[in-house]
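Engineer: fold the following for me, if possible:
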Amino acid sequence: MKAKILDKLKQIEQDKNIEILFAVESGSRAWGFASPDSDYDIRFVYKHSKDWYLNL
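Structural biologist: Presented below is the predicted three-dimensional model:
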């Protein structure tokens with residue numbers, strides 16, 4: 001599953017033209033309360049290119 005998550009994060013970077021700086025698992029799996037049908041919750045911090053921030 002880790003490889004699938006990393007692939008998806010790379011895809012998001014390419015699709016949204018961003019750079020993911022930090023990603024972490026959250027939700028029931030992160031807290032140790034996952035059930036067999038629990039999904040995977042990932043939160044991340046990202047940045048855009050410099051031009052994106054300087055654009056009006």
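
Engineer: the spatially most central residue of the chain: which element?
Structural biologist: Residue closest to the mean C-alpha point of the chain, counted by CA atoms, centre = their mean, is F44 at 4.4 Å. F44 belongs to strand 41-47 when assigned by DSSP states H and E.

Engineer: hmm, who's touching that strand?
Structural biologist: Applying CB atoms under 8 Å, 6 or more residues apart in numbering, the contact partners of strand 41-47 are 5, 9, 13, 16, 18-30. C-beta: built from backbone N, CA, C; applies to glycine.

Engineer: hmm, 7 Å instead?
Structural biologist: If you take CB atoms under 7 Å, 6 or more residues apart in numbering as the criterion, strand 41-47 is touched by 5, 9, 18-27.

Engineer: what's the closest of the residues you listed to S38?
Structural biologist: Of all those, S38 sits closest to G27, with 7.4 Å by CB to CB.

Engineer: state the distance from the closest one to K47.
Structural biologist: From G27 across to K47, the span is 24 Å (CB to CB, to the nearest Å).

Engineer: could you dump the contacts of strand 41-47 to TSV with neighbour count?
Structural biologist: Shown next, in TSV, are these (neighbours: other CB atoms under 10 Å):
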residue	neighbour count
I5	13
L9	15
I18	15
E19	11
I20	15
L21	9
F22	8
A23	15
V24	10
E25	13
S26	13
G27	14
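
Engineer: what's the farthest-apart pair in these?
Structural biologist: E19 and G27 (23.7 Å).

Engineer: ok, and what's touching the helix or strand bottoming out on mean pLDDT in the chain?
Structural biologist: Ranking every helix and strand in the chain by mean pLDDT, DSSP states H and E puts helix 28-31 at the bottom, with a mean of 88. Contacts with helix 28-31, where a contact means CB under 7 Å, 6+ apart, come from 34, 38, 40.

Engineer: how does it look with 6 Å?
Structural biologist: Residues from elsewhere that reach helix 28-31 (CB atoms under 6 Å, 6 or more residues apart in numbering): 34, 38.
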